[in-house]
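1. Kindly return the folded structure for what I paste below:
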Amino acid sequence: MTGSYPNTRLRRTRASAWSRSMYRETVMTPADLIWPLFVTEGSGIEEPIGTLPGVSRWSIDGIATKAKEAAALGIPCIALFPNTQADRRSDDGKEALNPDNLMCRAIKAVRDACGSGIGILTDVALDPYTSHGQDGLLDNTGYVVNDDTVAVLVDQSINQANAGADIIAPSDMMDGRVRAIRMALEMNDHPNVQIMAYSAKYASAFYGPFRDAVGSGGLLKGDKKSYQMDPANGDEAMSEIAFDIAEGADSIMVKPGLAYLDVIWRAKQAFSVPVFAYQVSGEYALIEAGAAAGVGDRDELLMEKLLAFKRAGCSGVLTYHAPVAARLLGG
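-> Residues are numbered from 1 along each chain as shown. Have a look, this model is predicted:
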C-alpha cells in the first residue's frame with residue numbers, strides 16, 4: 001500500500017548525506033570494475049591514444065606496473081588487448097597462435113608481477129592479428145566464415161590459457177565458439193579457466209577509438225555487420241545469451257553498455273549468470289569530451305554512468321575509467 005502526504009514524505013530520507021548513504025539502493029565498489037589495458041611492443045613505452053584522452057598503450061613492463069596499480073586500488077581484474085605490429089599481421093591471423101606473441105608475454109609479465117593477486121582477462125578474436133581488420137577468416141568473396149574461424153579461436157584460447165589467462169573472453173560473435181572453447185579448455189587441463197562471452201556485441205558506431213588503440217581501424221575492409229548484432233534487436237540478444245550459457249559461459253557481456261541498458265536489464269531478469277557491460281571507447285571518449293567542453297564535472301558524469309550499469313543489473317563493468325572510479329569509490 002502506498003502512503004500519502006504528509007504521513008509519507010519521500011524527501012525525509014534524502015535530507016542529509018548520512019541518510020542518503022544508508023538508504024542507497026545501488027552500491028558500487030572497486031571490486032565491480034575491470035580495467036582494459038592496451039599493450040604494445042618495446043620497453044619503457046607509453047603511447048597516448050589521441051581519440052582516447054588519458055588512455056595509452058603501454059609496453060609490457062608498463063602493463064605489469066599498471067596491473068600492480070589495479071590490485072592496490074582494489075580492482076580485481078584487468079583486460080588485455082594487444083596492438084600487434086604490422087609485420088606480424090596476416091590474412092589468417094596466425095600470430096594469435098604464437099606462444100611468444102605480445103599478448104602471451106604480457107600475460108606472463110602480469111602473472112610474474114602480481115602472482116594470483118589479480119585476474120587476467122584476455123580478448124579472443126582475430127582482428128588484432130589480421131591484415132584486413134576483421135575478427136575472423138575470409139572466403140574469396142570477403143565474407144567472414146564461421147566454422148574455420150572457430151577452429152582458430154579455439155587454438156588462440158588455449159594459447160592464452162597456457163600463458164596464464166584466468167578468463168577467456170571471445171569477442172568475435174561466431175556461432176558455436178563458446179562450446180568449442182569450453183571443450184578445448186577441459187581437454188587441455190584448464191577446467192578452472194573462465195569464459196566471459198561477448199554474447200550481445202552490437203555492430204556499433206562507438207568502437208572507433210578502440211580500433212585506433214589496437215591498430216585495426218585503418219585496416220578494416222568493409223564492416224562487421226554479418227556477425228556483430230543489429231542495434232535494433234533485443235530479442236535476438238536473449239537468444240545469443242541463452243546459447244552461450246548453454247555452451248559453457250560462466251558470465252556474459254553486453255557491448256556497448258549505455259545504449260543497451262534495456263538488454264542488460266532483460267538479461268539479468270532472464271538468466272542466472274553474472275552480466276557484465278563494456279563501457280566502450282566511444283562512451284569513454286564522450287565523457288571526456290563533454291567534461292572538456294564544460295557539459296559537467298567529469299567525475300560526476302562517469303560515476304553516474306557507472307551506477308546506471310549497476311542499477312540495470314550488472315555484476316561489473318569494463319571501463320577505461322576504472323582507476324579514476326576506484327579512487328573515487330575509495331574516498
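
2. The residue nearest to residue 188 when sequence neighbours are not counted: which element?
-> By the measure of CB to CB, 6 or more residues apart in numbering, the closest residue to residue 188 outside its immediate chain neighbours is residue 158, 5.3 Å from it. The way it works is simple: take the backbone N, C-alpha and C, and place the C-beta from them, glycine included. When elements are assigned from DSSP states H and E, residue 158 belongs to helix 147-163.

3. hmm, who's touching that helix?
-> Outside of helix 147-163, the residues within contact range by CB atoms under 8 Å, 6 or more residues apart in numbering are 92-93, 96-99, 101, 103-105, 107-108, 122, 124-126, 135-137, 168, 170, 172, 174-177, 180-181, 184-185, 188, 190, 193.

4. Equivalent analysis for stretch 82-92, please.
-> 38-41, 57, 95, 101-103, 106, 128-132, 137-138, 152, 213-215, 219.

5. among the contacts of helix 147-163, which ones are buried?
-> Taking 16 or more other CB atoms under 10 Å as the criterion, what is buried in these is 92-93, 96, 98, 101, 103-105, 107-108, 122, 124-126, 135-137, 168, 170, 172, 174, 177, 180-181, 184-185, 190, 193.

6. residues touching the closest residue to residue 264 other than its chain neighbours, list them.
-> Spatial nearest neighbour of residue 264, excluding adjacent residues (CB to CB, 6+ apart): residue 312 at 4.3 Å. Residue 312 makes contact with 261, 264, 265, 268, 277, according to CB under 8 Å, 6+ apart.

7. one more time with 10 Å
-> Neighbour list for residue 312: 26, 254, 257-258, 260-268, 275, 277 [criterion: CB atoms under 10 Å, 6 or more residues apart in numbering].

8. ok, now residue 272?
-> Listed by CB under 10 Å, 6+ apart, the contact partners of residue 272 are residue 245.

9. For residue 223, grab the count of nearby residues.
-> The local packing of residue 223 (other CB atoms under 10 Å) involves 9 other residues.

10. Let's see the pLDDT reported for the nearest residue in space to it that is not next to it in sequence.
-> Residue nearest to residue 223 in three dimensions, not counting chain neighbours: residue 203, with 6.8 Å by CB to CB, 6+ apart. You'll see residue 203 listed with a pLDDT of 96.

11. show me where the stretch 201-331 of the chain has helices.
-> 208-214, 235-247, 261-270, 281-292, 298-312, 322-329 (DSSP state H, counting those that start in this stretch).

12. could you redo those as CSV and give each row distance to residue 33 and mean pLDDT?
-> Formatted as CSV, those follow (distance: least, CB to CB, whole Å; pLDDT from 0 to 100):
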stretch, distance to residue 33, mean pLDDT
helix 208-214, 18, 84
helix 235-247, 22, 98
helix 261-270, 16, 98
helix 281-292, 13, 95
helix 298-312, 8, 97
helix 322-329, 4, 97
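
13. What part of the protein, helix or strand, is modelled with the least confidence?
-> helix 208-214 (a mean of 84; mean pLDDT, DSSP states H and E).

14. Counting by contacts, list what that one packs against.
-> Applying 3 or more CB pairs under 10 Å, 6 or more residues apart in numbering; DSSP states H and E, one finds that helix 208-214 contacts strand 33-40, strand 56-59, strand 77-82, helix 281-292.

15. Export the ones you listed to JSON lines and append columns for distance to residue 21.
-> Listed next are the helices and strands packed on helix 208-214 as JSON lines, based on distance: least, CB to CB, whole Å:
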{"stretch": "strand 33-40", "distance to residue 21": "20"}
{"stretch": "strand 56-59", "distance to residue 21": "35"}
{"stretch": "strand 77-82", "distance to residue 21": "27"}
{"stretch": "helix 281-292", "distance to residue 21": "24"}
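
16. Just send those back as CSV, with mean neighbour count and distance to residue 113 too.
-> Listed next are the helices and strands packed on helix 208-214 as CSV, based on neighbours: other CB atoms under 10 Å; distance: least, CB to CB, whole Å:
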stretch, mean neighbour count, distance to residue 113
strand 33-40, 24, 13
strand 56-59, 20, 13
strand 77-82, 23, 11
helix 281-292, 18, 25
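
17. Send me the helix holding residue 158 as PDB with only the CA atoms.
-> Extracted as PDB, the C-alpha positions of helix 147-163 are listed here (Å, rounded to 0.1, in the frame of the first residue of the first chain):
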ATOM      1  CA  ASP A 147      33.500 -22.700 -38.600                       C
ATOM      2  CA  ASP A 148      37.000 -22.200 -39.800                       C
ATOM      3  CA  THR A 149      37.300 -19.100 -37.700                       C
ATOM      4  CA  VAL A 150      36.100 -21.000 -34.600                       C
ATOM      5  CA  ALA A 151      38.800 -23.600 -35.100                       C
ATOM      6  CA  VAL A 152      41.500 -20.800 -34.900                       C
ATOM      7  CA  LEU A 153      39.800 -19.100 -31.900                       C
ATOM      8  CA  VAL A 154      40.000 -22.400 -30.000                       C
ATOM      9  CA  ASP A 155      43.700 -22.600 -30.600                       C
ATOM     10  CA  GLN A 156      44.000 -18.900 -29.700                       C
ATOM     11  CA  SER A 157      42.200 -19.600 -26.400                       C
ATOM     12  CA  ILE A 158      44.400 -22.500 -25.500                       C
ATOM     13  CA  ASN A 159      47.500 -20.400 -26.300                       C
ATOM     14  CA  GLN A 160      46.300 -17.700 -23.900                       C
ATOM     15  CA  ALA A 161      45.300 -20.200 -21.200                       C
ATOM     16  CA  ASN A 162      48.700 -21.800 -21.400                       C
ATOM     17  CA  ALA A 163      50.300 -18.400 -20.800                       C
END
